[in-house]
Structure formats: C-alpha cells, structure tokens
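Enquirer: Take this sequence and fold it.
(2 chains)
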Protein chains: 2
Amino acid sequence: MVKRLPLEEDVLAIIRPRQEERDHICSLAERLLASIAESGKAQGMVVGSIARHTWVHGDRDLDVFMLFDPSLSREELELQGLALARSIAGAYTEKFHEKYAEHPYINANIDDVDVDLVPCYNVDSASRIQSAVDRTPFHTRYITDRINGLIDDVLLLKRFTKAGGIYGSDQMTEGFSGYLCELLVLHYGGFTPLLEAAATWRPHIIIDIEHHAAKAFDEPLVVVDPVDPRRNVAAAVSLDRMAGFVELARGYLESPSDKFFMHPLERCILRQELTTVIEQRKTFVYAILFATPPYIPEVVVPQLKRSLLSVRELLERNGFVVHHVHYDMQPERCMFLLELLVGELPSIRSHAGPPLWNRVNADKFREKHLAERTTGPYIENGRYEMELPREYITAKSLLSSQELLKAASLGKHVRQSLESGWTLLEGADCWQEEFAPFIAGFFDRCSPLVRILRKR
Amino acid sequence: MVKRLPLEEDVLAIIRPRQEERDHICSLAERLLASIAESGKAQGMVVGSIARHTWVHGDRDLDVFMLFDPSLSREELELQGLALARSIAGAYTEKFHEKYAEHPYINANIDDVDVDLVPCYNVDSASRIQSAVDRTPFHTRYITDRINGLIDDVLLLKRFTKAGGIYGSDQMTEGFSGYLCELLVLHYGGFTPLLEAAATWRPHIIIDIEHHAAKAFDEPLVVVDPVDPRRNVAAAVSLDRMAGFVELARGYLESPSDKFFMHPLERCILRQELTTVIEQRKTFVYAILFATPPYIPEVVVPQLKRSLLSVRELLERNGFVVHHVHYDMQPERCMFLLELLVGELPSIRSHAGPPLWNRVNADKFREKHLAERTTGPYIENGRYEMELPREYITAKSLLSSQELLKAASLGKHVRQSLESGWTLLEGADCWQEEFAPFIAGFFDRCSPLVRILRKR
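Expert: Residues are numbered from 1 along each chain as shown, chains lettered A, B, ... in the order given. Here you go, the predicted model:
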C-alpha cells in the first residue's frame, strides 16, 4: 500500500461517496437493471464511474446501458432501444427526454439522480464494436477488473485535475476524461507515482498498457486504449493542458497542499475593474458578440476556434499587432475577445507585386494599381512594390466590415450566425455580465489555483 | 551596321567627344607616355575609356599605367612606381597627391585633366597578375582589339545607364561599370540587341563570352571576365539594379525617347514639403545623424548597410513596425532615415520562456521574472510565457538608448562614430540641407526618369 499524506486522507474523507449515497444510487441501479431483465429484450449493465466505484461524493450521474443482440439492424436497435428506455424511465418519472450522441438515448431525472439509459450492441469482443457507445461496457469491465486497491487514487486524481481546471475531455477544456484518469492511475500504480512520472513527461509520450498500439499517434499525450489498439484515450488533451498537468504535478510534489484539491472560486471582473485594466495596459480591446449557433458544443467549439484564428490572421494581415485573443460560448451568445497592441495605422501600406522577370504579371500589376497608388511602383527585392492607401485604418473599421464574415468562413454554423449580424464592442464596453468570468480569465491568463502555484 | 533611331543619332552627336577634346587629351597622354619611356624604368600605357575610345564628351579622366618589371618586389614596385609618378606629375603641376586603391598611386590635375599615374606589373599573361591593378591593361587590350564598330553603342549604353541612375559599380550605386557596359555591348553586338535581350533577363543569367568560367557564381547578374575566368565583372550589380536595367530596357524598346538619355534633375525637398508629406502619411519618421567615419566609401558604405539592417531589426524586435529605411553618406555626416508605421506601443509585452519539459530552465525563467512580471506565467504552446513591462514604449526612446550602439556593432567604423554620439531627429526636424535630395528620394522611392517611365 502506498503511504498517503495526512492531507490526502483529509481530502479523501471529503470526496469519498457517503454510505447513504451509495445505497441510494445502487438501489436505483438494481431496480433499473431488474426492469431491463424483466423486459427480456436486452441485458442491463451499469457503466461509468458508479460501476467502477470511482465516483466522487456529490456525483449523481448513473449510466445504464441496455445491451441488445448484435444481429439487430441499426434502425431496429434505435427503435427498440428507445422504446425500452422510454418505458423504463416512464415507470419512474415524467421528466425524461431524448438526447443524441452517436445514437439516440434517454436522459431522465429519477429520485434526484441524472440517469442515462443508453441502447448499444452486446458484442463479445471489443474488435466487433459498431459504434463508440458499444465500447463503453468494455471500458467498464477493464477498469472494474483491475481497479481494486486504487480507487482512492482515482478519486484524488479526479479532484486534483478538477481543481486544476483540466478535468474534462470536451472541446473547451481539452483536458483529462474520467477513463483517462483511471488508466493513468492503473498504469503508474497510484496517484503519487503518477505525479512523479508526470513531472518529467515530455510531449509525445506513449503509454501503452497492453502493448498493442496498432497505429502511430501524433497527439502530445498518447494513452492507447486497452480495449482498442487504434484509439488514443488522451486524444482530447491539448499540449497546454498536458503542460498544465505537468506543472501541477511538480508543484504539488514540491509543496503538497490542500489548495491543489480545492475548487477555485470563479474569478469575476466588474465593469469598473475592466476600465482600469484597459487604462493601465493601454491596449486596444475589442469584443465581437454574436448569437450562439444552435448546435452541440462538440460541433460549435471547434468552429469558434478556427474562426477566431482566422480573425486573428485577418487583423495581422492588415497590419494590426495582436497581443491575445480568446473565445467564450454562453447559452445565448458567443464572444471573441481581442486585445491588440496597435488599433490604428497610417493610411499607407506597402503592396508587393510579382517579380519583374515575370513581365506579363509585372506589367499587369503596374497598370492595375497606377490609379490608386500613392507612391511607386518601385523595385524591392526584384519585385514591383507600391504604396497603396490602407483599406482599414482602424481595427474597429476592419472588424465591422464584411471582411470579418469572409475570415470566419471556416466554421459553417459560426458564419451563419455572423451573417445574421454581430455587435462590435470596444474598450470597457466589452464588459457583459454573462462573460464577466471569461473576461477576468482573459486578462489573468490562468486559474486562481495556478496563480497561487506559480507564485511559490 | 545596326540601324539607329534618329533620336539615338541626336544623343550621339551630343555625347561623342569633340575633336578638340580628343586632341587635348591625346596630346597630353602622348607627352606622359614619352616621359615614362624617357625614364627607362617602366613602360607607359593608357588604359580606361580614353584608351578604348569609349569616353563620353566631358569626361576628363586619363588613366596612365606604368608597367614595371614583374621581378621587382612589391615594396620596390611601390617605391619606384611612386617616385616615377611623382617626378612625372611634378614636371607638369604642383597639384598632385597620393591615393590608395590596392596599391598607392598619384592623382594629378594636369591641363584641366584628372590624371591617375598608376604603377603595376608588366605581366605577359592575365593568369600571372598579382593584383587587381595588373588586370586593367588586359581589360584595355581585350576591349580595344574588339570594340571597333561598337563604340557608339557603348557611348549610348553608358549614357542610358547614367540617366537611369544605375551607372557605377561603387557600393552606393551597386550598378554597371564602364567595362561591364563594354562587354555587354560586345556580347550582344550592339546597344539595341542588348536591350532586347535584357528585357527577358532573369536573375542568375550567366554571360561567358570566352566560355571559360572556372567557378560557380551566385550573383544575380554574371558576366565572366574574358581575361579572368574566376571573376564576375557584374559582381557589384544588385538584384534591384539589375531589375531596374531590365525595366529601362523594356520601357525604352516600347516607347523610345530621349528622356532615357537625359541626366535627371536632382529632386530636392523643402522643409515645409517634408512637414506636409509626414502629415499626410501619418507615419513616424526618425533620422539618426552621426559623423561620417574617415574611411573610403568602399569600407564605410557596407558598414552603413549592415548597421541600418541591425537598427531595423532592433526596432522590429521591440515591436515597432518598420515601413522603410535608408541611409545616406555625405562628406561630414551620415544619416539613417527611418519611417515607422507604429511609433508608440502599450507598456506590456509577451515574453516566451523555455518549454515546460525543460524543467530546470522553465523554473529559472519563472523565478527570474516573477518580480517584474505584470501577468503570468501562463502556458502557451507548451512554454511558460509572461507579460513583462515593455522596456521601450516609444521608438524614440529606443533609438536614443545604448541599444542602438549594440545593434550597430556589425560595422566597426560606424560603431566608433556612433560611440562619439549621435543626434536623433523626429518628424519634419529630420530635414537637413545636405540630405534634402536623399530625403526627397526616400519618399519618392525612385528617380524622376523612372517615375516618368512607370507612369507610361
């Protein structure tokens, strides 16, 4: 047994599920499994952290899978699966509705527990899975067979990554999933050995517990799925989130503290504070506000990232020096927040043409711009170059123009939303209540925990 | 015989030396050669454009070489050569003095002609030359043996390149030497065939009249010296001067005009005009003024170029966006003229550190900047990054600081001059009388001829 620090024991005492929680959820799970068995149509199975005993006090997510015969067609699976899920959920509550991941499933609130009833195929080998959902039972079996004795370590790691702001494999977090936490603890044999190893991680490290990787992975952190040799469980982890974990590990090992397990208070910023911040920084701050596209975050967030990158490039192409950009997505509206070092430029710009050796194009270039040029053409590095009037003298005029729409064309739904119009805010006017935590983080650049850690 | 345009005949009538000029210079040359022969110490030879009959009306440069026995040591050559040159010059005038190229020689003003008396070795094959000076007699023999019938073409080309501002192989002009003009006319068989060929030139064209190139050349224009297979006669021609010649050739062939042979009036700029120009452009204009280092242009000009490039990089490294820079050298003072798009920046700057994976350096970086940082460290692309206060908020403060001295360290003599101090001027104060033509050209970016040409 690994020796634990007293502070870790104190943390565990708080985060371990209470006996009454266990009883409550387990009895509900048993009743649901019994209902599935009674139906005779599928085999029930509890998956997720509750099945694996790696859930944390307060979690109220119960995932029940309904394993159907793999000879069913996809349509039959969806039809029969949803019908069964509805009938079971309906027996407990009226508060249920259909959700959609790779398949449709039913989400219900039963006895204050958030229950997912998910149909999938009951395949006998992970190599036969037909969709990502079918893989989940194999994950659960793999972990439950091996996790004994390491459950507290998983609880610590989950809390540690949550407090550090890197728990979650969604597109906004780009961090660590629960299954990844379990595998890391398994591989290194505990929370502390994992942190000790992580302190020396380098990008493109490969962790392959079953030694069966069946392809090359190029993500910064690679943890080959023990049940699928072609899948990287850590594919969602970005380079910076991996670096963040490395930093937290080093910080905690150097000076362990319960701060590393405390949910940080969400920092906020008041409008007046923003005014002061911008006055001090003397930078040029703009916000682009638009309606949140009505699609799931997995679809919208990558488009936000791509579009924001394009907007940044648009500014730089037009000569405006960008300091920092970030995006936020709230239920109603999205925000691109942009901080520039230069907000206004002189009215001239250099415009390079083709090399003089390409006579046809060089002549065309000269003719084309003769009327509008302010100086030139002159020869620079063997090319014609002219000074032309700058189209956008201010970043504000550029960000208000249709150029923004063209730049954002990389994200279909984001572009559609922008086509209905956007609001451009400037300076302290960028402050909007729902975005206040985001704006605070934009200028802090890291979570309060990490700020404490880095001042050590 | 090539058919000439009437305008070319008109130009030739102006630029051909007059009979009384010929008589005057030739009789002086004969007297000098006789004096050398009388001395019994060396053999006299007229070289340069007068020997080759490729001089232009008004030229008054007579180059007389004194060919000594190659068995003399270098010291003896210099001693005996200078003694003979002094005695010959002294017989005509008191206005002579010593100059220095690769060897010392005597420059004298005799009968209103600028005479160079240059000692060199009388070697019997170009492969035996001991210094660049020894090569000149071979150039003269090569051209005089072949130039018959093409002399007018050489005169036209010299005048054409002079009018276009690209005649001269010095470091400031980076253009065409007289010998290069002669070889080009020889190779293409005349002025017009040369222009027709040049209109389609591309960089790295190789002209090798004797088909004997003995090395690879990497200059934009390569004309292998017929008397030295390892020498590029066009080595001084920069890419942009070559492109300028190509453009002049195309322009002249398209619409021939005597404008292409007229010395352009030197453009000037008045202080009040400069004020208006800067107000219209809304750019940030600075001039760095310092004493001209007391060395020959061949030494100083390359240093000016290198130092100016460093100053440009210094500005860009500090976040100031540079639009255009150029230098000028006048007898007393040099000027770096700089036009920026951004003259002032916010007080913050991003400062990237080592990757987090390099723990020792990452920790050092964090510790080092903790006290001065305004934000961070945060993680960006796997590296620590901080916001630090910007050292130089204005380009003016940067250009006034000792950073300028460090940046200019690539040129020894320029640095020495700057160490004695420099003057930083801003806006219309950059106007200084001796630099007025340079400042005019800085904003025009080309000669008046080329401006006319490009508006065609």
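Enquirer: quick one: the strands in the stretch 1-150 of chain A?
Expert: Along the stretch 1-150 of chain A, counting by DSSP state E, counting those that start in this stretch, strands occupy A:43-47, A:61-68, A:96-100, A:104-110, A:113-121.
Enquirer: Which among the ones you listed is found nearest to chain B?
Expert: In this view, these are compared for proximity to chain B by C-beta to the nearest C-beta, and strand A:61-68 is the closest at 30.0 Å. No exception for glycine: its C-beta is placed from N, CA and C like everyone else's.
Enquirer: Select, out of the strands of the stretch 1-150 of chain A, the one closest to B:Gly421.
Expert: Taking C-beta to C-beta as the criterion, strand A:61-68 is the member of the strands of the stretch 1-150 of chain A that comes nearest to B:Gly421, at 73.7 Å.
Enquirer: From the chain's centroid, how far away is the closest one?
Expert: Between the centre of strand A:61-68 and the centre of its host chain there is 25 Å, according to C-alpha atoms, centre = their mean, to the nearest Å.
Enquirer: still on that earlier bit, turn the strands of the stretch 1-150 of chain A into JSON lines, columns for distance to B:Trp201 and mean neighbour count.
Expert: As requested, these are arranged in JSON lines below (distance: least, C-beta to C-beta, whole Å; neighbours: other C-beta atoms under 10 Å in any protein chain shown):
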{"stretch": "strand A:43-47", "distance to B:Trp201": "74", "mean neighbour count": "20"}
{"stretch": "strand A:61-68", "distance to B:Trp201": "74", "mean neighbour count": "22"}
{"stretch": "strand A:96-100", "distance to B:Trp201": "66", "mean neighbour count": "12"}
{"stretch": "strand A:104-110", "distance to B:Trp201": "69", "mean neighbour count": "20"}
{"stretch": "strand A:113-121", "distance to B:Trp201": "71", "mean neighbour count": "22"}
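Enquirer: looking at those, which one has the lowest mean pLDDT?
Expert: Set side by side, these give their lowest mean pLDDT on strand A:96-100, at a mean of 89.
Enquirer: For that one, which outside residues touch it?
Expert: With C-beta atoms under 8 Å, 6 or more residues apart in numbering or on different chains as the test, strand A:96-100 has contacts from A:82, A:86, A:89-90, A:104-109, A:116.
Enquirer: Among the residues you listed, which one sits closest to A:Pro256?
Expert: The shortest distance between A:Pro256 and any of the contacts of strand A:96-100, using C-beta to C-beta, involves A:Asp116 and amounts to 36.2 Å.
Enquirer: Report the beta-bridge partner residues of that closest one.
Expert: Under DSSP bridges, the beta-bridge partners of A:Asp116 are A:Asp63, A:Asn107.
Enquirer: Can you point out the buried residues in stretch A:129-146?
Expert: Neighbour-count burial for stretch A:129-146, with 16 or more other C-beta atoms under 10 Å in any protein chain shown as criterion, is recorded at A:129, A:133-144.
Enquirer: so how far is that stretch from its chain's centroid?
Expert: Here stretch A:129-146 is found 23 Å from its chain centre; the criterion is C-alpha atoms, centre = their mean.
Enquirer: can you check stretch A:167-181 too?
Expert: Using C-alpha atoms, centre = their mean, the mean C-alpha position of stretch A:167-181 is found 7 Å from that of the whole chain.
Enquirer: And the average pLDDT for it is what?
Expert: Here stretch A:167-181 scores 95 as its mean pLDDT.
Enquirer: And the strands in the stretch 351-456 of chain A, which stretches?
Expert: Assigned by DSSP E, counting those that start in this stretch, the stretch 351-456 of chain A shows strands spanning A:375-380, A:383-389, A:423-426.
Enquirer: What pairs with the first one, parallel or antiparallel?
Expert: Next to strand A:375-380 in the sheet, as set by DSSP bridges, lie strand A:383-389 (antiparallel).
Enquirer: The shortest one too?
Expert: Taking DSSP bridges as the criterion, strand A:423-426 forms sheet pairs with strand A:284-291 (antiparallel).
Enquirer: and the strand it pairs with, which residues are buried?
Expert: Buried residues in strand A:284-291 (16+ other C-beta under 10 Å): A:284-290.
Enquirer: Ok, stretch A:32-41 next?
Expert: Neighbour-count burial for stretch A:32-41 flags A:32-33, A:35-36, A:41 (criterion: 16+ other C-beta under 10 Å).
Enquirer: Could you save these as TSV and add columns showing distance to chain B and pLDDT?
Expert: Formatted as TSV, the entries for the buried residues of stretch A:32-41 read as follows, by distance: C-beta to the nearest C-beta, whole Å; pLDDT from 0 to 100:
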residue	distance to chain B	pLDDT
A:Leu32	43	96
A:Leu33	44	96
A:Ser35	48	94
A:Ile36	46	95
A:Lys41	50	93
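Enquirer: Among these, which are located in helices?
Expert: Judged by DSSP state H, the subset of these located in helices is A:32-33, A:35-36.
Enquirer: quick one on the thing from earlier: ok, the buried residues of strand A:284-291 vs chain B, which is closest?
Expert: Distance from chain B was checked for each of the buried residues of strand A:284-291 by C-beta to the nearest C-beta. The minimum falls on A:Phe284, at 8.1 Å.
Enquirer: Enumerate every residue touching that closest one.
Expert: By C-beta under 8 Å, 6+ apart, the residues touching A:Phe284 are A:339-343, A:395, A:426.
Enquirer: quick one, what contacts A:Val299?
Expert: Residues in contact with A:Val299 (C-beta under 8 Å, 6+ apart) are A:293, A:413.
Enquirer: so which strand or helix has it?
Expert: When secondary structure is defined by DSSP states H and E, A:Val299 falls within helix A:297-317.
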